[in-house]
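> make a model of this:
(one chain, ligands or ions: 1)
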Amino acid sequence: MPDLELFIGNKNYSSWSFRPWLALRQNDIPFRETLVPFEFENGNPAFKTFSPTVKVPVLKDGELTVWESLAIIEYIAEIYPDAGLLPADRFARARVRAASAEMHSGFAAMRSAFPMNFHRPAGS
Ligand SMILES: N[C@@H](CCC(=O)N[C@@H](CS)C(=O)NCC(=O)O)C(=O)O
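Alright, predicted model coming up:
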């Protein structure tokens, strides 16, 4: 039985944290959420205690530590295959992975121009 704990930094600004959080919540997968704020001038020193990269998100499953949002979602998809996080069809799965990897590793200019901020007033 998985024993999942997801470390996240912020639900308003951290789109990386939000990705696995959403995958878990949307599918009613049980997990504990530990929010460790990252708004520190030189990074939050507490991150060193749970994150190999000193970044969030991080997923723990017992003794296992998984970092990187995409790897976390792949792991969740593997332990909860019925959640349908990845398509059953191999070709469709390959296309989903290609698009996810493209988004994950690219679009830097767009991401920096349009950072996530759910509290930003509409139209601003
Ligand atoms: N590629 C990583 C990005 C993780 C990342 O950049 N997380 C940011 C928060 S959104 C972070 O932890 N920043 C803290 C810092 O750099 O000190 C992933 O997909 O998980």
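
> which other helices and strands contact the longest helix anywhere in the chain?
Using DSSP state H to assign secondary structure, the helix with the most residues in the chain is helix 90-105. If you count contacts as 3 or more Cβ pairs under 8 Å, 6 or more residues apart in numbering; DSSP states H and E, helix 90-105 packs onto helix 69-79. All C-beta atoms are positioned from the backbone trio N, CA, C, and that covers glycine.

> contacts (any at all) between the ligand and the helix it packs on?
Yes. For helix 69-79, a contact with the ligand is found by Cβ under 6 Å from any ligand atom, at Ser69.

> mean confidence score for that helix?
With pLDDT averaged residue by residue, helix 69-79 scores 97.

> repeat for stretch 19-26
Averaged across stretch 19-26, the pLDDT comes to 97.

> mind listing what's buried along it?
Judged by neighbour count using 16 or more other Cβ atoms under 10 Å, the buried positions of stretch 19-26 are Arg19, Pro20, Trp21, Ala23, Leu24.

> nearest to the ligand, of these?
Top of the list for closeness to the ligand, among the buried residues of stretch 19-26 and by Cβ to the nearest ligand atom, is Arg19 at 7.3 Å.

> hang on, the closest one packs against Ser69?
Yes. Under the criterion of Cβ atoms under 8 Å, Arg19 lies in contact with Ser69, with a separation of 4.5 Å.

> what is in contact with the two at once?
When contacts are counted by Cβ atoms under 8 Å, 6 or more residues apart in numbering, Arg19 and Ser69 are jointly contacted by Pro57.

> circling back to that earlier point, after the longest helix of the chain, which helix or strand is next? Please name it.
Later in the chain than helix 90-105, the nearest helix or strand by DSSP states H and E is helix 108-113.

> that following helix and the ligand in contact?
No. Using Cβ under 6 Å from any ligand atom, helix 108-113 stays clear of the ligand, coming no nearer than 10.3 Å.
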